[in-house]
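Novice: sequence and predicted model, in that order:
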Amino acid sequence: MYTYIISSWPLFCVAFGVMLFFTFIMSLQSVNFYTKDVVLRKFSIMELELPSTPAELTNLIKGLYKLSDTQSKKVLKALKGQLYIDFLFMPFAYGSIMLLCMQVAKKMDLSFGINVFMIFAFSQLIPWLCDIIENIYLLRKIDPKVVESSSAVHKAYLIMECIKWGIALISIICAVSAIFYFWLTGHYAVGSLNYLLIILIEIVLFIIASKLFLKRKDVA
């Protein structure tokens, strides 16, 4: 009964909506992401999360301090702000995946399928922990006197990123694929379609808001 309560579609819709809200805020902050790496250029948060070499990460961070004082402060405020907001984003992002996997587990007839998706659900604690460690690592790295990490530390960091993204993405792909299978075979509750509509509305509102506000930011 407890699993049925915490894995309800209404709870998923709330978690998914809050996740999109924090994604929207972080996308606004990313508009200010500039660094001076030989030339002035934009960068994405993924360049910090998945740098190919230790030097690539340190060069990007050093470039933040090569900007003019005003622009440097603006970029650093946006970047650190996004990393801090990410701590609020995490429980809703990984919680949404967890709830989705639990919903699929409830629909499974075989104990094997139930166990697999319950493992997917609770395994989200692993990428959540990896994400926390990643943000702490990056926040400590953002310093004008940033020191290049050793190859061993950098390798461990990339392995952690692969674990984080791997578990989350595999869980999402499997859960969404299973849900599509249920829909195609007619193995679903008609009432759940109302929640699908809510999710689609949330996504549409997110896209519209992103386009409107990001366009205003670019103009400004």
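Specialist: Nice, I can see it. None of these values were measured; they are calculated from a predicted model. Residues are numbered from 1 along each chain as shown.
Novice: what about the helices in the chain?
Specialist: 2-6, 9-30, 45-49, 54-64, 69-107, 111-122, 125-141, 151-185, 192-219 (DSSP state H).
Novice: quick one, which of those is nearest to residue 36?
Specialist: helix 54-64 (4.3 Å; CB to CB). For the C-beta atoms, the positions are set from N, CA and C on the backbone; glycine is no exception.
Novice: which strands and helices sit next to that closest one?
Specialist: strand 34-37, helix 45-49, helix 69-107, helix 125-141, helix 151-185 (3 or more CB pairs under 8 Å, 6 or more residues apart in numbering; DSSP states H and E).
Novice: turn these into JSON lines, columns for mean neighbour count, mean pLDDT and distance to residue 201.
Specialist: What follows is the helices and strands packed on helix 54-64, written out as JSON lines (neighbours: other CB atoms under 10 Å; pLDDT from 0 to 100; distance: least, CB to CB, whole Å):
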{"stretch": "strand 34-37", "mean neighbour count": "19", "mean pLDDT": "91", "distance to residue 201": "34"}
{"stretch": "helix 45-49", "mean neighbour count": "16", "mean pLDDT": "94", "distance to residue 201": "27"}
{"stretch": "helix 69-107", "mean neighbour count": "19", "mean pLDDT": "95", "distance to residue 201": "16"}
{"stretch": "helix 125-141", "mean neighbour count": "16", "mean pLDDT": "97", "distance to residue 201": "27"}
{"stretch": "helix 151-185", "mean neighbour count": "15", "mean pLDDT": "94", "distance to residue 201": "18"}
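Novice: which residues touch the nearest residue to residue 25 once chain neighbours are set aside?
Specialist: Nearest residue to residue 25, sequence neighbours excluded (CB to CB, 6 or more residues apart in numbering): residue 85, at 5.9 Å. Contacts for residue 85 (CB atoms under 8 Å, 6 or more residues apart in numbering) come out as 22, 25-26, 29.
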